[in-house]
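In: Need the 3D shape of this:
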Amino acid sequence: MNVADFSTNRHSSNMHMTMHMASKHTDLYFNDGNIILLAGMSYFLVHQGLLARHSEVLDELMRSLDKNLTLEDRPVLTLPDPSTDVTHFLKAMYDGISFVTYDSEGFPTLSGLLRMLTKYKVHHLRTDILRGLSNYWPTTLTQWDTREASVTGQDGTYTPRDSLPHPIEIINLAREIDHLPLLPSAMYDLTRSTPSEAAIGFVSPFTGINVRLEYADLLTVLKGREQASRFFSTFIVNNLEGRQPSRWCLRRKDGHPVNKRTCQIAFEAITFELLRDINGIISNRTSDPLYAMTEAEQMQIRDDLLSSEVSPMKTCEHCRVEFGAVVDAAKEDFWKKLPKWFDIDVSPWG
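Out: A predicted model of the protein is given here:
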């Protein structure tokens, strides 16, 4: 960062007025501090050595200070950042990041802090927060499955918006801080919304701000959505439509012609259910190929809750296990393709 970007520390006609009107921060004010940070209408009395240890950018800025500009007999460094962000930034350097949460309510704090840590090159704290964020916007399918399970209720209802930040927020943040590994999973998450919802954006319940994607990212999401849809259609055609039972099917030698075709009929019923996407509607997970492929396997072991009869989608163990291997391979293949579909160069991935 260029020191000239902070030229408000010098020759500013409003500087003395701002300093006179600013209020000291009630917590981040240390009597033995030796430098004042001024941000907005707040100032912080902190320790130059600690700032320099954490941030090479701040170290450079403090070395170029105008020593004649003082407040409470300490030199003043004016930062062009919101005082709230500076508060969280200093708190992280003094106390660590235990106050950071990764839910939707904590996102304004997290995002502001990440921007500050990126801007001032506080690499170790930035890395720690990104590691926590990657649990919810991961690079591996295993982590994604864990994340999905964590936001699915016992009744199977999927409600990520009740707890996690909106994917548009994650996409925009990833662009701002130049952290591409967050993008593929966030963009896939957004493809599960309708195109109109992705285009309109959403109003944050915590800031009241309408959050939207940049036009280029919106086009990328829509293109990726089409690729995901094609993949799923191909999966159905290649692995479900007209699927024959396993050569080791337990019902293959059944003397009754209908019983003999039980597994084949089950695969036909599963195909029909996937095309109707009824389970996706009930659980609030439409247009979700990863979920739908998993459901294609889970339908084979689930009881029919609407009647006392055996579910028509139940297959024998051999047919289910064989198809399960197909599903696992397809999901891995799908996940590995996400960066390419969204035109993101991420390594390692998957």
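
In: Going by C-alpha atoms from here, please, whenever you check contacts or count neighbours.
Out: Fine.

In: Below-threshold pLDDT in the stretch 51-200 of the chain: ranges please.
Out: Along the stretch 51-200 of the chain, no part satisfies pLDDT under 70.

In: now do 90
Out: Across the stretch 51-200 of the chain, the ranges flagged by pLDDT under 90 are 66-69, 152-162.

In: hey, where'd the helices end up in it?
Out: Ranges of helices in the stretch 51-200 of the chain, per DSSP state H, counting those that start in this stretch, are 56-63, 83-95, 107-119, 123-133, 141-150, 167-177, 183-191, 195-200.

In: mind listing what's buried in stretch 42-58?
Out: 42-48, 51-52, 54-55, 57-58 (16 or more other CA atoms under 10 Å).

In: and that stretch, C-alpha only, in CSV?
Out: Taking Å, rounded to 0.1, in the frame of the first residue of the first chain, the C-alpha atoms of stretch 42-58 are listed here in CSV:
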residue,chain,number,x,y,z
SER,A,42,-13.2,7.8,17.1
TYR,A,43,-9.6,7.5,18.2
PHE,A,44,-7.6,4.7,19.8
LEU,A,45,-4.6,4.9,22.0
VAL,A,46,-2.5,1.8,21.1
HIS,A,47,1.0,0.4,20.9
GLN,A,48,3.2,1.2,17.9
GLY,A,49,5.3,-1.9,18.4
LEU,A,50,2.4,-4.3,18.4
LEU,A,51,1.0,-2.7,15.2
ALA,A,52,4.3,-2.9,13.5
ARG,A,53,4.8,-6.5,14.5
HIS,A,54,1.5,-7.5,13.0
SER,A,55,1.4,-5.3,9.9
GLU,A,56,4.2,-4.2,7.6
VAL,A,57,1.8,-1.7,6.0
LEU,A,58,1.1,0.0,9.4
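
In: And for it, what's in contact with it?
Out: 1, 22-25, 28-38, 59, 62, 83, 93, 120-122 (CA atoms under 8 Å, 6 or more residues apart in numbering).

In: Looking at the helices of the stretch 51-200 of the chain, which one is packed in the most?
Out: helix 183-191 (a mean of 24; mean count of other CA atoms under 10 Å).

In: where exactly do the strands run in the stretch 151-300 of the chain?
Out: Secondary structure of the stretch 151-300 of the chain, counting by DSSP state E, counting those that start in this stretch: strands at 202-203, 210-211.

In: Which one of those strands lies nearest to residue 319?
Out: strand 202-203 (44.0 Å; CA to CA).

In: From residue 14, how far off is the residue minimising distance to the centre of the chain?
Out: In the chain, the centroid-proximal residue (CA atoms, centre = their mean) is residue 137; its distance is 3.6 Å. Distance from residue 137 to residue 14, counting by CA to CA, to the nearest Å: 44 Å.

In: just residue 231 next, same as before
Out: Distance, residue 231 to residue 14, by CA to CA: 60 Å.

In: Among these two, which residue is more densely surrounded?
Out: residue 231 (17 against 9; other CA atoms under 10 Å).

In: Verify the contact between the more buried one and residue 334 for me.
Out: Yes - using CA atoms under 8 Å, residue 231 is in contact with residue 334, at 7.4 Å.

In: tally of neighbours for residue 257?
Out: For residue 257, the count of nearby residues is 11 (other CA under 10 Å).

In: Name the nearest residue to residue 23, sequence neighbours excluded.
Out: Among residues not flanking residue 23 along the chain, residue 42 sits closest, at 4.9 Å (CA to CA, 6 or more residues apart in numbering).
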